[in-house]
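>>> Make a model of this:
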Amino acid sequence: MAARRLEDLGWSEALEAEFAPWAAQGWKAARLIRDNKITYGALYVEGGAFAEVEVVLGGKVYHEAATDAELPAVGDWVAVELGEGELDSVIRARLTRRNRLSRKAAGQSTEEQVMVANVDVVVVVTEAGPDFNPRRMERFFAIIGRSGAQAVVLLNKCDLYGREQNQAAAAALLELNPEARIHITSAHEKLGLKALKSYFEPGVTVAMVGSSGVGKSALINQLLGDDFQWTGEVNESTGKGRHTTTARELMVLRRGGIIIDNPGIREVQMWTDESTLRGRFADIEVLAGQCRFHDCKHASDAGCAIRAAVAEGSLNEERYRGFLKLDAEMAQLRERSKTRQMTVERRSKRDHKIKARNREDRVELERDLKPRA
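Next up, the predicted model:
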């Protein structure tokens with residue numbers, strides 16, 4: 001086997017330049033492959049081979065993160081100080097991200113949840129059957145669009161559905177996002193796997209997402225098996241090493257390419273900016289410019305060009321409703337973020353006042369205790 005290099009993990013000249021000060025301290029450049037909640041799994045190169053180490057987060061990195069989204073995530077590059085003996089190996093810095101794939105954290109939170117960092121291709125696995133949901137795919141396309149990664153969709157389990165149903169689903173997805181690459185596959189029949197394998201090249205990171213039960217793990221096992229085994233060994237008699245999705249995990253394919261698997265995602269909470277959202281609905285935005293009133297809400301306002309297009313059949317009603325729902329979510333997220341920011345600012349002002357008062361009290365006390373001449 002050829003010697004391993006950091007480039008096999010996606011290393012670049014820009015990262016090399018940024019890492020130079022930490023390299024001078026003897027720290028290692030590593031990529032995070034697993035988030036264990038308390039610790040992380042990190043992969044680095046030692047003596048021409050990959051080495052894995054469990055690392056903890058350094059206090060400086062934790063305290064300098066303004067939000068959870070700025071903390072290290074799977075796919076991030078970090079500077080690691082390797083521990084000796086019983087000492088922990090510690091993340092001393094997180095290198096600049098090239099991009100990130102994010103969604104809104106679950107619940108009423110306004111926080112961003114980073115699913116993966118530094119990704120080139122995002123593969124969404126779905127099917128033409130019960131899992132097929134154009135509205136959910138619009139959300140996937142929106143968050144992928146913001147990341148800047150290439151969007152790829154696998155319509156898996158094609159052997160369970162007729163050719164016309166598979167083709168209709170593919171056409172609907174292309175209508176939603178003409179830039180997406182759509183492939184009809186079957187992990188069970190090993191159909192379309194050549195197209196999936198074509199995205200894996202040395203240093204290229206591919207993230208796999210999708211609902212539970214659509215065959216994502218089966219497709220990944222096709223990649224990890226045969227000529228595409230990853231760096232770990234698979235026991236053919238016991239099956240140990242066979243991949244199942246239990247947590248977000250980065251794996252390196254033996255013949256080149258990096259895969260990041262994600263736990264099943266059925267609900268996609270929006271985390272994107274307004275310009276990205278508008279771009280995904282450019283056709284509706286053109287219609288909005290033709291409304292009678294500039295502040296038209298596109299619901300019951302008179303002279304709404306969007307509702308007129310729906311009535312005459314030139315705009316799909318489901319797409320129109322999807323636009324309204326996403327637009328409303330964006331407005332709610334902006335309002336929650338504004339409220340949270342106001343709360344943070346109030347707390348900050350209060351803390352400054354308390355510190356200033358304590359400082360004044362301390363100065364006054366020291367003055368009172370100072371011996372008089």
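>>> Looking at residue 211 now. What's its pLDDT?
Residue 211 carries a pLDDT value of 85.
>>> An error on my part: the question was meant for residue 322.
Residue 322 is given a pLDDT of 72.
>>> Find the residue closest to residue 181 in space, skipping its chain neighbours.
Excluding its sequence neighbours, the residue lying closest to residue 181 (C-beta to C-beta, 6 or more residues apart in numbering) is residue 152, at 4.8 Å. All C-beta spots, glycine's among them, are computed from the backbone N, C-alpha and C.
>>> Is that neighbour in a helix, a strand, or coil?
Per DSSP: H, G, I helix; E, B strand; the rest coil, the local secondary structure of residue 152 is strand.
>>> quick one: contacts for it?
Residue 152 makes contact with 121-124, 180-183, 199, according to C-beta atoms under 8 Å, 6 or more residues apart in numbering.
>>> Tell me the one of those nearest residue 287?
The nearest member of those to residue 287, counting by C-beta to C-beta, is residue 180 at 22.5 Å.
>>> For that closest one, give me its contacts.
141, 151-153, 173-174.
>>> ok so, going back, can you spell out which residues form a bridge with the residue nearest to residue 181?
residue 123, residue 181 (DSSP bridges).
>>> tell me the pLDDT at it?
pLDDT, read off for residue 152, is 97.
>>> same thing with residue 184?
96.
>>> where do the helices sit along the chain?
Counting by DSSP state H, the chain has these helices, from start to end: 13-23, 59-64, 134-147, 163-176, 193-197, 216-224, 274-280, 282-288, 305-312, 317-369.
>>> Lowest average pLDDT across those?
Minimum mean pLDDT among those: helix 274-280, a mean of 60.
>>> Tell me how many other residues crowd residue 327.
18 (other C-beta atoms under 10 Å).
>>> distance of it from residue 84?
Here the criterion is C-beta to C-beta, to the nearest Å. By it, residue 327 lies 55 Å from residue 84.
>>> Next up, phi/psi of residue 132, please.
When read as degrees, to the nearest 10, the backbone of residue 132 gives phi -70, psi 120.
>>> Nearest spatial neighbour of residue 191, chain-adjacent residues omitted?
residue 185 (5.8 Å).
>>> Wait, that neighbour touches residue 210, no?
No - counting by C-beta atoms under 8 Å, residue 210 is not a contact partner of residue 185; they are 11.9 Å apart.
>>> Kindly state the pLDDT recorded for residue 245?
46.
>>> go on, residue 162?
So, for residue 162, pLDDT stands at 91.
>>> so how many other residues sit close to it?
10.
>>> Can you give me the separation between the spatially most central residue of the chain and residue 149?
With distances taken as C-alpha atoms, centre = their mean, residue 101 lies nearest the centre of the chain, 2.3 Å away. Noted for residue 101: a distance of 7 Å to residue 149, by C-beta to C-beta.
>>> got it, and residue 156?
For residue 156, the distance to residue 149 - C-beta to C-beta - is 20 Å.
>>> List buried residues within the contacts of residue 152.
Among these, those that count as buried by neighbour count (16 or more other C-beta atoms under 10 Å) are 121-124, 180-183, 199.
>>> Now distance to residue 88 too, for those, in JSON lines please.
Shown next, in JSON lines, are the buried ones among the contacts of residue 152 (distance: C-beta to C-beta, whole Å):
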{"residue": "121", "distance to residue 88": "34"}
{"residue": "122", "distance to residue 88": "33"}
{"residue": "123", "distance to residue 88": "35"}
{"residue": "124", "distance to residue 88": "37"}
{"residue": "180", "distance to residue 88": "43"}
{"residue": "181", "distance to residue 88": "43"}
{"residue": "182", "distance to residue 88": "46"}
{"residue": "183", "distance to residue 88": "43"}
{"residue": "199", "distance to residue 88": "36"}
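>>> just those now: which is nearest residue 312?
residue 180 (27.5 Å).
>>> can you pull the pLDDT of that closest one?
96.
>>> ok, back up a step: quick one: the residue nearest to residue 181 from residue 210, how far?
11 Å.
>>> residues shared between the contacts of the two?
Contacts common to residue 152 and residue 210, judged by C-beta under 8 Å, 6+ apart, are residue 124.
>>> got the domain boundaries for the chain?
Using automatic domain parsing, the domains assigned to the chain come out as 6-94, 100-261, 281-364.
>>> what's the most buried one of the ones you listed?
Stretch with highest mean neighbour count among these: domain 100-261 (a mean of 18; mean count of other C-beta atoms under 10 Å).
>>> For it, measure first residue to last.
Start-to-end span of domain 100-261 (C-alpha to C-alpha, to the nearest Å) is 15 Å.
>>> chain center to it: distance?
A distance of 13 Å separates the centroid of the chain from that of domain 100-261, by C-alpha atoms, centre = their mean, to the nearest Å.
>>> cool, stretch 24-34 as well?
Using C-alpha atoms, centre = their mean, the offset of stretch 24-34 from its chain centre is 21 Å.
>>> what's the distance between the residue nearest to the centre of the chain and residue 41?
Residue 101 is 19 Å from residue 41, by C-beta to C-beta.
>>> List the residues that contact residue 309.
Contacts of residue 309 by C-beta under 8 Å, 6+ apart are 287, 315, 320.
>>> my guess is the first one meets residue 306, correct?
When you say that, I think you mean residue 287. Yes - using C-beta under 8 Å, residue 287 makes contact with residue 306 at a distance of 4.8 Å.
>>> Mutual contacts of these two, please.
Common neighbours of residue 287 and residue 306 (C-beta under 8 Å, 6+ apart) are residue 315.
>>> For the residue nearest to residue 248 when sequence neighbours are not counted, give me the pLDDT.
Spatial nearest neighbour of residue 248, chain neighbours left out: residue 74 (4.9 Å); criterion: C-beta to C-beta, 6+ apart. Listed pLDDT for residue 74 reads 95.
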